[in-house]
Structures are given as C-alpha cells and as structure tokens.
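In: My questions are about this predicted structure, shown below with the sequence.
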Amino acid sequence: MSSYPSTITLFATIRDFPVNHPDFERDAFTGEVTGLEPRRFDHQEPAPQPETGIVQAELGQDGKPNYNNGPTNRRLTTTGEEHFNQWFGRSPGPYKTIHNYPLEFVYEHGQYKFERNPFFPLDECQDTLGNLYDQMFNPDGSLTAIGAEVIDRNLQDKQANRAFLTHPDGTPLTREELIRIYTEWNREPNGELKAKVHNYGFTMEVTSTFTYQGNEFFHFKGDDDLWVFIDNLLVIDLGGLHRTAEKTLDLRLPYEQDTLVRNLRRDLGIEQADERLNLVLKKGMSYKLQIFYAERHTFDSSCCFYTSLLLEPPVEPPVSSPFPSSIQSREVRIDAVQDAVEPSYPLPGVCGKFQIRINQPAPAGGVRVRYELVQDSHLRTATYDRDYTLSPAQEVWIPAGQQTAEIVVTPKPDRVGEADEAVVVRIVADPQMGYVVAKSQDKVYIRDTFPISPAQRIVCVAPVRTVIRREEEILLVRRVRKVEEVDASPACPANSRQISGEQG
C-alpha cells in the first residue's frame, strides 16, 4: 500500500434540477408515511430509512440505471420511469448538466476517502439553476409560481400521507408554516438561511475502473439515494429520501482462492436481482465501478466514500472545469506547534497550540475549517473540559487574505503526577469551503509542571534578606542538610520533603 498515490481525483457529472421536479423537494420520505415503520410512542415521526428496489439490478446498455417497474419497487419517493430517466441524463428534462466536478480521494490509514459533510458541490458553480430561495421566492418575499407549486404539493402530500413534517401532536404544518421552513426556521450555525446559501436538488454520476487485488472494501455514508454498480451489477442499494445511512461492500477473497463470487440476492441483499445473478471478480482482472448519487430534499446533505480499491483516474484529466479552481487546489493541513504544560501554583500553565494552514491566501469571505477531537487507543488521551479546553471550539475562521489560524489548548491543574496526555485534533472536510485535506490530524501533549518524581521535588526556600558572614553561611548550610522535613513557609505553599546532601 505504500506505493499507492496520496490522492486520486475522479471527475463527476452533476445535474441540477429545479425545486418543483416531481421527484424532488416533496414530502415523500420513507418513514411512517410509507408503512415501513410505526409511529413512535411520543407521536414523533421515525427517522426515514433507505428505500431499496427503485432501480433494476443491472445497468442499461447506455450505462444508466434502469427504473424498476417490478413489485420490489414500492414507489414511495419516485413518480415513475419517465421522470426517473431524467435523473442521470437518459431523457431530456428541465435540468442543467455540469461536467468535471473533482472528487479527490485522499489516502489515509490504509484507505482512500472522499468525505464531504455537508455536500453542496453546486454552491460555488455559476452556471446552475440557483439556490433554493431564489427559485421559490420573488425579491419582495412573495412566492414564485414554482414556490407556490412546491408548497401546495407538499400540503396535498401531508393530507394523503398523514404528514411527515408535523407538530408534536401529529397535526400537519399549515401553509404558512411550510413557507416559514424556507424563510425563517432552517439556518446555518452562523445564522445564514440555508435556503439562500445552498443549491439543493441534484444528481451525480462518476465512473472509474480498478484492478481487483483480493482484499478490498467499499463503504458509503450519506444521504439521499446512492447506487453502486460493479461490472454493470448493482452491489449497494441505498435509494430513497432518508437520513444519513451507510453500507459496506466486503470484497475480500476467501482463503487461498483467486476468484470472488457473490450472489446479488443472497449475499448482497439486492432483492430485485434475479437469483442467478452473481458478481464475479478474479484477482488481477480490471472492472468498472459506477456510482450514482442524488440529493433530493432539504436541508442537509452528506456524501462520504471510503475504500481500499485502487481507483484509476481518467487517462486525460479535463482541461477546464466550471467549478472554481479553489475547489481543485486549495489544501488545508493541521500541525502541532507547541505542547502545553499544566499550571501548578505559583507557576502558571503554558498553553499548547495547533496551527491550521491553507496553501494559498483565503478568498473574500474567508475560509472556515471545522475540526473534531479524536480518541487514539495508542495514546494516553486527555479529557476535554476536565484536563483542558480548546479555543475556538469546533471550527476556526481564516480571514480573507490570510493563510493561518490557531487552536489554543488551555490546560487545567489536576495536582496529580502522571505521564504526558495527548490532545488529538482532526480536520473535518467541508465542501462548502472548497478545500481538500493535505494533513488531517496532529497531537499536542499536556505535560506536568515538574517532569520528575515527588521524591525529587525542589525545596522551596523563603528569601533571606539578612546579610551574614561567610562562616555563618557555611554553618547554616550544614544544619539544613541535617533536616529531614521542613515546614512550608508562607512563600512555599507545599511541604518540602526528603532533603539530603545527595539531593541538595
């Protein structure tokens, strides 16, 4: 694995859909309204789950997913084959197609990862249908024709389906309350209205190849629809409108075998597959991997891939892309620049520091970099808020024109002699800021004030202002060396023990 490249960049095609497309932004979640789950005892709707069976188990001859018209498709969140054929460009429709979105997989800890949470790839692209708010509302705040269609359609959905978005007592939201969902209620942590910030409603497809080694895996975590095909066969089926869901495809060979055989229906859980369909991978042979993804509903979006497959980038990368160059080239790294020292009266503590750095000056508006704490089983890890605090918490902001920001680790006194404790911080990928992570994590140690045992503690001696002769000074030193324990003076808050001639 050491010979693997540090990054692999694939290029995806993204299609931007209007908010009033029949399969987008409608109250058709796969939750209680579908009959898949009972309503909770507190009358709150359950978290919607993935909907399997939307697509057929084999790709069409054009390399696109086929809509499943069979009984295994419950048609809970889709409106039929005609509209579905627009999702990935098989049929013309009201969408806009944008090519060459860069998906950069970073190699770390034995796997490649593309980690975007939140995932809004069209936010920084100019040639799109625009953000959700601008599609639904006029400059004066009144509903556009598209906006009125979306609101009224969701009211009908709620009446038919007992409503997904409800009050705690189960009553559906009113028309006015539905409007407030987009204009008042859903905001980013900094207060910005999500409908104005993000472009919702898009699909993504990407194709690559890999040479099968015999010990690989592929894992997805995110929302909404996700279908993965290998050798034109469906191997991961996470369709529907749902909260964050995840699935792992295990491609490890049995011991001393060179060919993997997985039955789609029995081994991979693809219910719509013919019982005779098998995924067959032979060690050393190359196969095509195709990913089809859709984000269909407000207000959150995430897309994370983790794999040990050595995916092959295109032989000839695209010369140009409508996406800002910053998405492709801005790199962020974290470095520990100073360890911390616990305070111990009367000595003050020393703060530790991490530095967050980007490889180019931040653009107008700055760059936000989020981070998280990591528990490392190989280290003695400090406990947040008991051993230390962090500032700023959870994220740093690099102002326009700047390239660095700091995370300060402030240690707390614990009055216990112990080994050094580590604070491990990891950068969280953020596609809204358009960067890739060059170095994801580092650690700062919190050290004791005295790195020696209690038996070797230095004696505190109150200052003596009296001038004495040399002979008296020698006599005084000899007497002190015979003392086994000296009570602390007002200038020495702790007793000093085990004073001897050898320890001085």
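Out: Happy to help now that I have it. Please read all numbers here as calculations on a predicted model, not as lab measurements. Numbering: from 1, shown residues only.
In: In which helix or strand does Glu82 reside?
Out: Assessed by DSSP states H and E, Glu82 sits inside helix 81-84.
In: Ile291 too?
Out: Assigned by DSSP H and E, Ile291 falls within strand 286-295.
In: so how far is that strand from its chain's centroid?
Out: Distance of strand 286-295 from its chain centroid, counting by C-alpha atoms, centre = their mean, to the nearest Å, is 20 Å.
In: and what of stretch 178-191?
Out: Computed by C-alpha atoms, centre = their mean, the chain-centroid distance of stretch 178-191 equals 22 Å.
In: Could you list the buried residues of it?
Out: Leu178, Ile179, Ile181, Tyr182, Thr183 (16 or more other C-beta atoms under 10 Å). C-beta here means a position set from N, CA and C on the backbone, and glycine is covered the same way.
In: Show me the helices in the stretch 301-450 of the chain, by range?
Out: For the stretch 301-450 of the chain, the helices defined by DSSP state H, counting those that start in this stretch cover 325-329.
In: Show me what the strand holding Ile291 packs onto, helices and strands only.
Out: strand 202-211, strand 215-223, strand 226-230, strand 302-307 (3 or more C-beta pairs under 8 Å, 6 or more residues apart in numbering; DSSP states H and E).
In: Quick check: which ranges of the chain have low pLDDT?
Out: Applying pLDDT under 70 to the chain picks out residues 1-3, 29-47, 158-166, 168-170, 325-329, 417, 430-434, 450-504.
In: Apart from its neighbours in sequence, what residue is nearest Glu271?
Out: In this structure, Glu271 finds its nearest non-sequential neighbour in Thr72, 5.0 Å apart by C-beta to C-beta, 6 or more residues apart in numbering.
In: got the contact list for Tyr200?
Out: Residues in contact with Tyr200 (C-beta atoms under 8 Å, 6 or more residues apart in numbering) are Val19, Phe24, Glu25, Phe120, Asn131, Leu132, Glu295, His297, Thr298, Phe299, Ser301.
In: hey, which of the helices and strands packed on strand 286-295 is tucked in deepest?
Out: strand 226-230 (a mean of 22; mean count of other C-beta atoms under 10 Å).
In: Counting neighbours, show which residues of the helix holding Glu82 come out buried.
Out: His83, Phe84.
In: can you list contacts of it?
Out: His21, Pro22, Asp23, Ile54, Tyr67, Asn69, Thr78, Ser91, Gly93.
In: So which of the contacts of Tyr200 is surrounded by the most neighbours?
Out: Most neighbours among the contacts of Tyr200, by other C-beta atoms under 10 Å: Glu295, with 29 neighbours.
In: so who does that residue touch?
Out: For Glu295, the contact set (C-beta under 8 Å, 6+ apart) comprises Phe119, Tyr200, Gly201, Phe202, Thr203, Asp223, Asp224, Ser301, Cys303.
In: can you put the residues you listed in JSON lines and add distance to Asp335?
Out: What follows is those, written out as JSON lines (distance: C-beta to C-beta, whole Å):
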{"residue": "Phe119", "distance to Asp335": "27"}
{"residue": "Tyr200", "distance to Asp335": "36"}
{"residue": "Gly201", "distance to Asp335": "39"}
{"residue": "Phe202", "distance to Asp335": "35"}
{"residue": "Thr203", "distance to Asp335": "38"}
{"residue": "Asp223", "distance to Asp335": "33"}
{"residue": "Asp224", "distance to Asp335": "37"}
{"residue": "Ser301", "distance to Asp335": "30"}
{"residue": "Cys303", "distance to Asp335": "28"}
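In: out of those residues, which one sits closest to Ala400?
Out: Ala400 lies nearest to Phe119 out of the contacts of Glu295, by C-beta to C-beta, at 24.3 Å.
In: Look up how far Glu81 lies from the residue nearest to the closest one when sequence neighbours are not counted.
Out: In space, and not counting its chain neighbours, Phe119 is closest to Cys303: 4.1 Å by C-beta to C-beta, 6+ apart. Distance, Cys303 to Glu81, by C-beta to C-beta, to the nearest Å: 25 Å.
In: Ok, Glu104 next?
Out: Separation of Glu104 from Glu81 (C-beta to C-beta): 34 Å.
In: Now Gly147. Its backbone dihedrals?
Out: Backbone torsions of Gly147, given as degrees, to the nearest 10, read phi -60, psi -40.
In: Centre-most residue in this structure?
Out: Residue closest to the average C-alpha location in the chain (C-alpha atoms, centre = their mean): Asn117, at 4.2 Å.
In: dump the residue contacts of that residue.
Out: Taking C-beta under 8 Å, 6+ apart, we find Asn117 in contact with Gly222, Ser302, Cys303, Cys304, Val428, Ala429, Asp430.
In: cutoff 6 Å now
Out: Going by C-beta atoms under 6 Å, 6 or more residues apart in numbering, Asn117 touches Ser302.
In: Same check on Lys64?
Out: Phe88, Arg90.
In: Wait, Tyr445 touches Asp339, no?
Out: Yes. Using C-beta atoms under 6 Å, Tyr445 is in contact with Asp339, at 4.5 Å.
In: What is the neighbour count of Pro92?
Out: Quick note: Pro92 (other C-beta under 10 Å) scores 8 neighbours.
In: Helices of the stretch 1-150 of the chain, residue ranges please.
Out: Under DSSP H, counting those that start in this stretch, the stretch 1-150 of the chain gives helices at 81-84, 132-136, 145-161.
In: Distance to Val423 added to these, as a markdown table?
Out: Output for these, formatted as a markdown table (distance: least, C-beta to C-beta, whole Å):
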| stretch | distance to Val423 |
| --- | --- |
| helix 81-84 | 49 |
| helix 132-136 | 39 |
| helix 145-161 | 46 |
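In: Of all these, which one comes closest to Pro363?
Out: Pro363 lies closest to helix 132-136 among the helices of the stretch 1-150 of the chain, at 22.0 Å (C-beta to C-beta).
In: which strands and helices sit next to the closest one?
Out: With contacts taken as 3 or more C-beta pairs under 6 Å, 6 or more residues apart in numbering; DSSP states H and E, helix 132-136 sits against helix 194-197.
In: In contact with Lys96, which residues?
Out: By C-beta under 6 Å, 6+ apart, the residues touching Lys96 are Asp16, Leu129.
In: repeat that for 8 Å
Out: Contact analysis of Lys96 by C-beta under 8 Å, 6+ apart lists Arg15, Asp16, Asp127, Thr128, Leu129.
In: hang on, isn't the first one packed against Phe88?
Out: Yes. Shown here, Arg15 and Phe88 form a contact pair, counting by C-beta atoms under 8 Å, at 7.2 Å.
In: Residues that sit against both of the two, list them.
Out: Common contacts of Arg15 and Phe88 (C-beta under 8 Å, 6+ apart): Thr203.
In: May I see the buried residues of stretch 120-136?
Out: Under 16+ other C-beta under 10 Å, the buried positions of stretch 120-136 are 120-125, 128-129, 131-136.
In: Quick one: end-to-end length of it, please.
Out: By C-alpha to C-alpha, to the nearest Å, the extent of stretch 120-136 from end to end equals 18 Å.
In: try stretch 390-410
Out: Stretch 390-410 stretches 6 Å from its first residue to its last (C-alpha to C-alpha).
In: List the buried residues of it.
Out: Leu390, Glu395, Val396, Ile398, Gln403, Ala405, Ile407, Val408, Val409.
In: beta partners for the third one?
Out: To tie it back to what came earlier, the one meant is Val396. Beta-bridge partners of Val396, counted by DSSP bridges, are Val369.
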